[in-house]
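Visitor: build me a structure from this.
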Amino acid sequence: MNKVKEYFLDTYNELVNKVSWPAWSDLQNSAIIVMIASLIIALTIYGMDSVFSQLMKFIYNMFY
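Guide: Prediction:
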């Protein structure tokens with residue numbers, strides 16, 4: 001049980017004293033970049049899905 005307690009104390013010490021956390025403005029900028037990239041990827045996938053759907057409808061209508 002002593003090793004578990006020591007593990008948690010070491011983990012806390014490292015997170016508080018040794019890790020350099022980014023500034024709030026850096027986090028905001030990163031979040032904006034992630035949101036824009038996600039939107040671009042979502043729109044790209046939507047466009048590909050729409051084109052593929054129309055292509056499949058055209059092919060199905062040719063044979064039926």
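Visitor: tell me the confidence at residue 64?
Guide: Note on residue 64: pLDDT of 80.
Visitor: mind checking the longest helix of this structure?
Guide: For the chain, the longest helix by residue count, based on DSSP state H, is helix 24-63.
Visitor: how distant is that one from the center of its chain?
Guide: 14 Å (CA atoms, centre = their mean, to the nearest Å).
Visitor: I'd like the mean pLDDT over stretch 39-47, please.
Guide: 98.
Visitor: using PDB, write down the CA coordinates of that stretch.
Guide: Below are the C-alpha coordinates for stretch 39-47, written out as PDB (Å, rounded to 0.1, in the frame of the first residue of the first chain):
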ATOM      1  CA  LEU A  39     -14.800  21.600 -40.200                       C
ATOM      2  CA  ILE A  40     -12.600  21.400 -43.400                       C
ATOM      3  CA  ILE A  41     -12.400  17.600 -43.000                       C
ATOM      4  CA  ALA A  42     -16.100  17.200 -42.400                       C
ATOM      5  CA  LEU A  43     -17.000  19.300 -45.400                       C
ATOM      6  CA  THR A  44     -14.500  17.300 -47.500                       C
ATOM      7  CA  ILE A  45     -16.100  14.000 -46.400                       C
ATOM      8  CA  TYR A  46     -19.600  15.400 -47.000                       C
ATOM      9  CA  GLY A  47     -18.600  16.500 -50.500                       C
END
